[in-house]
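Trainee: all I have is the shape, not the residue letters:
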């Protein structure tokens, strides 16, 4: 098991290094100088790389934690209607 984890870590490190090279190239060669790229544009890609090879239970999730039910002290009504355009 430890060997598998070490292999996974080496693979992720290699992918991370290659991703950084592509990221730096993309930032340097982005054609729209009025709207330049930054490293923050690549955050989601970094999250995906860090989760490579992990079991589903250990991966980063994007789902927000559910609010407690009303009987457990949660809200009785949650307004999900978007506000009208001003």
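Mentor: Yep, that arrived. Please read all numbers here as calculations on a predicted model, not as lab measurements. Residues are numbered from 1 along each chain as shown.

Trainee: what packs against the host helix or strand of residue 17?
Mentor: Residue 17 belongs to helix 2-29 when assigned by DSSP states H and E. Contact partners of helix 2-29 among helices and strands, from 3 or more CB pairs under 8 Å, 6 or more residues apart in numbering; DSSP states H and E: helix 43-50. Just so you know, the C-beta spots here come from the backbone N, C-alpha and C atoms, and that holds for glycine as well.

Trainee: contacts for the helix it packs on next, please.
Mentor: 12, 15, 16, 19, 23, 60 (CB atoms under 8 Å, 6 or more residues apart in numbering).

Trainee: make it 10 Å
Mentor: 11-13, 15-16, 18-20, 22-23, 39, 42, 59-60, 62 (CB atoms under 10 Å, 6 or more residues apart in numbering).

Trainee: what angle do helix 2-29 and that helix make with each other?
Mentor: If you take axes from the mean of the first three to the mean of the last three CA atoms, to 10 degrees, helix 43-50 sits at 160 degrees to helix 2-29.

Trainee: let's number from 6 now, not from 1
Mentor: With 6 as the first residue, the last one maps to helix 48-55.

Trainee: in helix 48-55, what's buried?
Mentor: For helix 48-55, a neighbour-count test (16 or more other CB atoms under 10 Å) marks residue 54 as buried.

Trainee: returning to that earlier point: which of the contacts of helix 48-55 are buried?
Mentor: Among the contacts of helix 48-55, the ones that count as buried by 16+ other CB under 10 Å are 17, 28, 47.

Trainee: tell me the least confident of those?
Mentor: Of all the buried ones among the contacts of helix 48-55, residue 17 carries the smallest pLDDT score, 89.

Trainee: for residue 85, see how far away it is.
Mentor: Here the criterion is CB to CB, to the nearest Å. By it, residue 17 lies 38 Å from residue 85.

Trainee: does residue 16 touch residue 57 like I think?
Mentor: Yes - counting by CB atoms under 10 Å, residue 16 touches residue 57, with 7.0 Å between them.
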